[in-house]
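> based on what follows, work out the 3D shape:
(one chain, ligands or ions: 2)
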Amino acid sequence: MPDLPDAGTCYELLARMTLIRRFEEEAGRQYQRAKAGGFLHLAIGEEATIVGTTSTMRDEDYLIGTYRTHGHAIARGTDPERVMSELFGRVGGTSGGRGGSMHIFDREKRFMGGYGIVGGNLPIAAGLALSSEYKGEDAVTVCMLGDGASNTGNFGETMNLAALWKLPLLFLVENNLYGMGTSVERHSAQTDLSRKAEGYGIPGKRIDGMDVIAVREAVAEGLREAREERRPTLIEAFTYRYRGHSAADPEVYREREEVEEWQQKDPIEAFARRCVEAGVLGEREVAEVREKAEERVTAAVAAADQSPEPALDSLYENLYVVDEAGGWYAVDERSPEPHRGEREEEEMPQAARELAEAGAAYAGQPDGPRPNPAESGDAQEGGEPEVAEEVEEAERR
Ligand SMILES: Cc1ncc(C[n+]2csc(CCOP(=O)(O)OP(=O)(O)O)c2C)c(N)n1
Ligand SMILES: [Mg+2]
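Ligands and ions are numbered 1, 2, ... in the order given. Reported below is the predicted structural model:
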């Protein structure tokens, strides 16, 4: 087991993990109360992997993650008030309330999101690292991804370019044993994920993601290799999420005993105990860390509650597709006649505007019936409702 760092560092690591834990417990509670909308993916249990990683990064380094990143932003230094406000959809949020839980973003802290598309952050990570390389900067990009994301096409494509262009990148796989309800053994042919990028020339190692110090040391070495030797590497950190995949997860894919077994290894409890036993921290400091976390999270909820919702007439702001690209439909090249999108300069801004206005009208009428896209002709992919029901019925059988 690696040695403990100095008392100040231990205190800081414990404080960060405790704050994130408390924040997420509260986020879950606020979600139940419908204060936070959209989806909510909690990383409770994964704090050592998160904080171990961020704690050795420099301010200039970039971090990019998945849709389970409230803690990553806070660990990077984003004010919990801004993260909670984002969950609440308020103007005080990191994206003015427009991103929500899956899209936390803080450019100042070089926390580059927050992505709902599994594996979608990987090519962006390569782009960030390429920009550092191009500008001759020292920054390293840390790309955190799930075990499930290692199966996407983006994984192979990104590994190839990262190795080929010798990008200053560190990949950190948060292996929490499941992609939604599918275990690693069922979703990945190669279950040793640390070896999955080997063929591209990216070596990997496996570490205990429940041990904040182990993570910290492995990441420090990965950062050094990326920064000094321009050598991308991969770390597979074994961790566990104590809650469901998202707020709506019946958890039929794992046994209660398994969850309990991992709870015995709680990364925060274990670290606090170790620090106290080693005489590096006192019980009083551990209690103080908890109290401070409680205070900050209570303040975050109050701030989020007081932050206003975005004004209705700001609805068109940041919709760059309307003004700049002039449309959002791809051109179909397979046949010569005009398709949706080819006349978008003229047509789409108006169509987009109408859509937005319909949305605004709906937002102003909470009691009214919800517009049905199937009737307005925009959601035909699922087929007729009866057909969808038949398919569901067949699946049940
Ligand atoms: C490209 C894509 N495919 C499928 C989904 C649906 N989806 C959302 S989360 C998820 C599981 C991903 O698991 P993992 O990468 O292990 O991350 P974890 O949720 O465990 O943190 C899936 C399949 C998606 N969002 N994007
Ligand atoms: Mg996973």
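> tell me the phi and psi of residue 51?
Main-chain dihedrals, residue 51, degrees, to the nearest 10: phi -70, psi -40.
> that one contacts residue 16, doesn't it?
Yes - with contact defined as C-beta atoms under 8 Å, residue 51 reaches residue 16; the gap is 4.6 Å. Using the backbone N, CA and C atoms, a C-beta is placed for each residue, glycine as well.
> which neighbours do the two share?
Overlap of the contact sets of residue 51 and residue 16 (by C-beta atoms under 8 Å, 6 or more residues apart in numbering) consists of residue 75.
> what about those two, which has more around it?
The neighbour comparison of residue 51 against residue 16 (other C-beta atoms under 10 Å) goes to residue 51, with 28 against 25.
> contacts only, for the more buried one.
If you count contacts by C-beta under 8 Å, 6+ apart, residue 51 has them with 13, 16-17, 20, 71, 75, 212, 215.
> secondary structure for those residues - can I get that in a markdown table?
Below are the contacts of residue 51 laid out as a markdown table (DSSP: H, G, I helix; E, B strand; the rest coil):
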| residue | secondary structure |
| --- | --- |
| 13 | helix |
| 16 | helix |
| 17 | helix |
| 20 | helix |
| 71 | helix |
| 75 | helix |
| 212 | helix |
| 215 | helix |
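> spell out which residues of the stretch 51-200 of the chain are next to ligand 1.
With the criterion set to C-beta under 6 Å from any ligand atom, the stretch 51-200 of the chain comes near ligand 1 through 66, 68, 116-118, 146-149, 174, 176, 178-180.
> in strands only, show me those.
When DSSP state E defines the strands, the subset of these inside them is 146, 174, 178-179.
> list the buried residues of stretch 64-81.
64-76, 78-81 (16 or more other C-beta atoms under 10 Å).
> before we move on, the earlier item: pick out whichever of the ones in strands among the residues of the stretch 51-200 of the chain next to ligand 1 sits closest to ligand 1.
For those, the closest approach to ligand 1 (C-beta to the nearest ligand atom) belongs to residue 146, at 2.2 Å.
> give the bridge partners for that closest one, please.
Beta-bridge pairing for residue 146 (DSSP bridges): residue 174.
> tell me the mean pLDDT for stretch 24-35?
If you average the pLDDT over stretch 24-35, you get 95.
> which residues sit against it?
Here stretch 24-35 makes contact (C-beta under 8 Å, 6+ apart) with 36, 40, 42-44, 70-71, 84, 87-88, 101, 243, 247, 297, 300-301, 304-305.
> is it up against ligand 1 anywhere?
No - Stretch 24-35 does not reach ligand 1 (C-beta under 6 Å from any ligand atom); its nearest approach is 13.3 Å.
> give me the number of residues near residue 20?
Neighbourhood size, residue 20 [other C-beta under 10 Å]: 27.
> list the contacts for it?
By C-beta under 8 Å, 6+ apart, the residues touching residue 20 are 43, 47, 50-51, 70-71, 74-75.
> if we go to 7 Å?
47, 50, 71, 74-75 (C-beta atoms under 7 Å, 6 or more residues apart in numbering).
> spatially, what comes nearest to it if we skip its sequence neighbours?
residue 71 (3.8 Å; C-beta to C-beta, 6 or more residues apart in numbering).
> just checking, that neighbour touches residue 49?
No - in this structure, residue 71 is not within contact of residue 49 by C-beta atoms under 7 Å, at 9.5 Å.
> which parts of the protein are helices?
7-32, 47-54, 70-76, 80-87, 121-135, 153-164, 184-187, 212-229, 256-263, 267-277, 283-306, 320, 344-363, 385-396 (DSSP state H).
> which of the ones you listed comes out lowest on mean pLDDT?
Mean pLDDT values for the helices of the chain show the minimum at helix 385-396, a mean of 45.
> residues of stretch 245-256 that come out buried?
245-247.
> starting at the chain centroid, how far to that stretch?
With C-alpha atoms, centre = their mean, to the nearest Å as the basis, stretch 245-256 stands 19 Å off its chain's centre.
> out of everything not next to it in sequence, what's closest to residue 90?
Using C-beta to C-beta, 6+ apart, the closest residue to residue 90 is residue 307 (3.6 Å).
> run the chain-centre distance for stretch 260-274.
So, by C-alpha atoms, centre = their mean, the centroid of stretch 260-274 is 23 Å from its chain's centroid.
> number of residues surrounding the residue of the stretch 201-350 of the chain found nearest ligand 2?
Using C-beta to the ion, residue 241 is the residue of the stretch 201-350 of the chain that sits closest to ligand 2, at 7.6 Å. Neighbour count of residue 241, defined by other C-beta under 10 Å: 21.
> test my guess that it contacts residue 176.
Yes - counting by C-beta under 7 Å, residue 176 is a contact partner of residue 241 at 4.9 Å.
> residues contacting the residue of the chain found nearest ligand 2?
Using C-beta to the ion, residue 146 is the residue of the chain that sits closest to ligand 2, at 3.8 Å. Contacts here follow C-beta under 7 Å, 6+ apart; on that basis residue 146 touches 66, 118, 174, 179.
> quickly check those for the two that are furthest apart.
Spatially, the most separated pair among these is 118 and 174, at 12.4 Å (C-beta to C-beta).
> more neighbours: which of the two?
Neighbour count, other C-beta under 10 Å: between residue 118 and residue 174, residue 174 has more, with 26 against 20.
> how about residue 167, nearest residue that isn't a chain neighbour?
residue 129 (3.9 Å).
> what's the answer for residue 195, then?
Leaving out its chain neighbours, residue 195 is closest to residue 204 (C-beta to C-beta, 6+ apart), at 6.1 Å.
> tell me who's in contact with the one you found.
194-195, 197-198, 233-236.
> how many neighbours does the closest residue to residue 137 other than its chain neighbours have?
Spatial nearest neighbour of residue 137, excluding adjacent residues (C-beta to C-beta, 6+ apart): residue 60 at 7.1 Å. Residue 60 has 11 neighbours, counted by other C-beta under 10 Å.
> surely residue 60 and residue 139 touch.
Yes - Residue 60 sits in contact with residue 139 when judged by C-beta under 7 Å, with a separation of 4.5 Å.
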